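Student: fold the following, please.
(chains A and B, ligands or ions: 2)
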Amino acid sequence: MKKKKEVKKIVFHSAKEMPLMPMSLGSMLYNKTGSWRNIKPVIDLEKCIQCGICWKFCPDISIYIENEYPVIDYDYCKGCGICAEECPTKCIVMVEEKK
Amino acid sequence: MKKVIMGNHSLSYGAMLSRAQVISAYPITPQTQVVELLSEMCANNVLDAKFIKVESEHSAMASCIGASLAGARTFTATSAQGLALMHELLHWASGGRMPVVMGNINRAMAPGWSIWTDQNDSLSQRDTGWIQIYCSSNQEVLDTVIQAFKVSEKIMIPSMVVLDAFVLSHTYEVVDIPDQEKVDAYLPPFKPEFTLTPDDPHAFGGLTSPEHYFELRYMLQKDMEKVPALIQETAKEFEEMFGRYPGLVEAYRCEDADVTLVTSGTVGYTARVAVDMLREEGIKAGNLRIKVFRPFPFEIIRKILGEARKVAVVDRNISYGHHGIFYEEVKSAIYGFTKDIPIFGFIAGLGGRDITPEDLKGIAHYALKKDRPEEEIVWIGVKK
Ligand code: SF4
Ligand code: SF4
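Tutor: Ligands and ions are numbered 1, 2, ... in the order given. Next up is the predicted model:
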């Protein structure tokens, strides 16, 4: 899965323009939940064996694969640490977020 | 074809004739024979539907929601505590605009554990954004299921078809089961505008900011307001094809009535007997049976009760600390829109105690005797 391109915020000016149901309102494109994070995962790609386990386990779909290596999407990563826990080579470390 | 069937099976036949494609249900108490027969129909290939057995009513409604979103016509049935367990998902179905149709057997809420009828289970779900229709006969149950699919799919709001436990659910009546081809002509296949499909991925029910949430609710209400006209329209079409009119309310001998009973569910039919008995005694009584409770059919109720002299609302339910729920609703619907009419509120038959023609005659006599209501609630048949 690729990282989503930046997309313009969707704004409906009236009910008439909106779908009946809350469907693809695009709110997560600008609601960057990564700001909720206190600690962040950092990958040491030297030790990475490209197994993709972190990608599979991330509950927030915040890891994507680019050129066959995992890349963390800090816009949405909430710092839960599951990737670091599951990584078989322990090449992901959780470091304090400096704000 | 005419058949002698119970109310529960009227729901099953209604779902079968509507060609429900996904039926999901919890199979144990408070479930009834509704889904038992449907599961047999699925097993015997009488009905080409996916039958999903789940571990709770919460999951039953959740799978109906998923299936509906994927474009399937979905049906489920429940009762009392089962409906209460669905509560969260009822909001998901209406807020997400999924036209699920559900049968609910009106059973009293526990504790005391009860399998007998009253309306507190479904009326507790009043504000979930579902269409609610209260039936009075097995024929009406079957007809209403078919009509409910048509209405729900047109306006994208789910419907609850409600019937009294035992008095209707387990009572056998002659029911005309219409031909499949005729039902197919009345109810075309479900073709929603948006579906959940990998070909065109969408996020449904996602985070909605204050910028947009309000409008979604506004649209739900605006569409709800269109439902009474839609029910009348589809009822007329139904009448042309099947000879029966599944409308919003049923007025019986109301025109010149000195006292108009307001009833719902099977009490609505008992009331017709009571009205005839009263008329034989020389008392001009009438009965307005409210069939569609949500959306509340303001216009037709104001029209009929606007002509009334005295109104006696019979509730088989209670909003604790307030009144019977139909009583509240009727008062709020006509207040300011009609001349000042004395309206009396009665609570009867909670937990399945019988409401007899004698009880209803007593209610009419009570209302005729008084000029204005003197008590918040007049209790009928309670051993005080
Ligand atoms: S820390 Fe949690 S949210 Fe962030 S990338 Fe790892 S698994 Fe995903
Ligand atoms: S789990 Fe660890 S080793 Fe496997 S791809 Fe992710 S970072 Fe690399």
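Student: going forward, measure contacts and count neighbours with C-alpha atoms only.
Tutor: Noted.
Student: point me to the residue of chain B nearest ligand 1.
Tutor: Going by CA to the nearest ligand atom, ligand 1 is nearest to residue B:207 of chain B, at 17.9 Å.
Student: checking that residue next. Helix, strand or coil?
Tutor: Of the three states, residue B:207 takes coil according to DSSP: H, G, I helix; E, B strand; the rest coil.
Student: that one and residue A:35, how far apart?
Tutor: Look at residue B:207 and residue A:35: by CA to CA, to the nearest Å, they are 16 Å apart.
Student: try residue A:27
Tutor: The gap separating residue A:27 from residue A:35 is 15 Å, by CA to CA.
Student: sorry, back to before: the residue of chain B closest to ligand 1 touches residue A:27, doesn't it?
Tutor: Yes: Residue B:207 is in contact with residue A:27 according to CA atoms under 8 Å; the separation is 6.4 Å.
Student: how about residue B:112, secondary structure?
Tutor: Here residue B:112 is coil, with the state taken from three-state DSSP.
Student: nearest spatial neighbour of residue B:334, chain-adjacent residues omitted?
Tutor: Closest residue in space to residue B:334, ignoring its immediate chain neighbours: residue B:302 at 5.6 Å, by CA to CA, 6 or more residues apart in numbering or on different chains.
Student: got a list of what that neighbour touches?
Tutor: Neighbouring residues of residue B:302 by CA atoms under 8 Å, 6 or more residues apart in numbering or on different chains: B:333, B:334, B:337, B:338.
Student: in the stretch 1-150 of chain B, which spans are helices?
Tutor: Applying DSSP state H, counting those that start in this stretch to the stretch 1-150 of chain B gives helices spanning B:7-17, B:33-43, B:57-69, B:80-85, B:87-95, B:120-123, B:138-155.
Student: got the domain boundaries for chain B?
Tutor: Annotated domains of chain B cover B:2-241, B:249-379 [automatic domain parsing].
Student: any chance of the ones you listed in TSV, plus mean pLDDT and distance to residue A:46?
Tutor: Below are the domains of chain B laid out as TSV (pLDDT from 0 to 100; distance: least, CA to CA, whole Å):
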stretch	mean pLDDT	distance to residue A:46
domain B:2-241	97	36
domain B:249-379	97	64
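Student: now render these as JSON lines, adding distance to residue A:41.
Tutor: Converted to JSON lines, the domains of chain B look like this (distance: least, CA to CA, whole Å):
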{"stretch": "domain B:2-241", "distance to residue A:41": "25"}
{"stretch": "domain B:249-379", "distance to residue A:41": "51"}
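Student: reformat the ones you listed as TSV; add distance to ligand 2.
Tutor: As requested, the domains of chain B are exported to TSV (distance: least, CA to the nearest ligand atom, whole Å):
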stretch	distance to ligand 2
domain B:2-241	26
domain B:249-379	53
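Student: nearest to residue A:40, out of those?
Tutor: Ranking the domains of chain B by proximity to residue A:40 (CA to CA) places domain B:2-241 first, at 23.8 Å.
Student: tell me if the closest one is near chain A.
Tutor: Yes: using CA under 8 Å from any CA of the partner chain, domain B:2-241 reaches chain A at B:95-97, B:202-209, B:212, B:215-216, B:218-220.
Student: quick one, which of those residues are buried?
Tutor: The neighbour count (16 or more other CA atoms under 10 Å in any protein chain shown) marks B:95, B:96, B:97, B:202, B:207, B:208, B:212, B:215, B:216, B:219, B:220 as buried among these.
Student: whichever of the contacts of residue B:302 end up buried, select them in ChimeraX.
Tutor: In ChimeraX syntax, the buried subset of these is picked out as below (16+ other CA under 10 Å):
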select /B:333,334
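Student: quick one: which two of the contacts of residue B:302 are the most distant?
Tutor: Farthest pair in those (CA to CA) is B:333 and B:338. Separation: 9.5 Å.
Student: next SSE after the helix or strand bottoming out on mean pLDDT in chain A?
Tutor: Here the helix or strand of chain A ranked lowest by mean pLDDT, DSSP states H and E is helix A:27-30, holding a mean of 79. Downstream of helix A:27-30, the next assigned helix or strand under DSSP states H and E is strand A:39-43.
Student: who does that next one touch, helix- and strand-wise?
Tutor: Counting contacts by 3 or more CA pairs under 8 Å, 6 or more residues apart in numbering or on different chains; DSSP states H and E, strand A:39-43 is packed against strand A:92-96.
Student: neighbouring contacts of the strand it packs on?
Tutor: Applying CA under 8 Å, 6+ apart, the external contacts of strand A:92-96 come out as A:38, A:39, A:40, A:41, A:42, A:43, A:44, A:79, A:81, A:83, A:84.
Student: what lines up beside that strand in the sheet?
Tutor: When sheet partners are counted by DSSP bridges, strand A:92-96 sits next to strand A:39-43 (antiparallel).
Student: the partner strand and ligand 1 in contact?
Tutor: Yes: residues of strand A:39-43 contacting ligand 1 under CA under 6 Å from any ligand atom: residue A:41.
Student: buried residues in that strand?
Tutor: A:39, A:40, A:41, A:43.
Student: contacting residues around the last one?
Tutor: Going back to what we said before, that points to residue A:43. Applying CA under 8 Å, 6+ apart to residue A:43 gives the contacts A:91, A:92, A:93.
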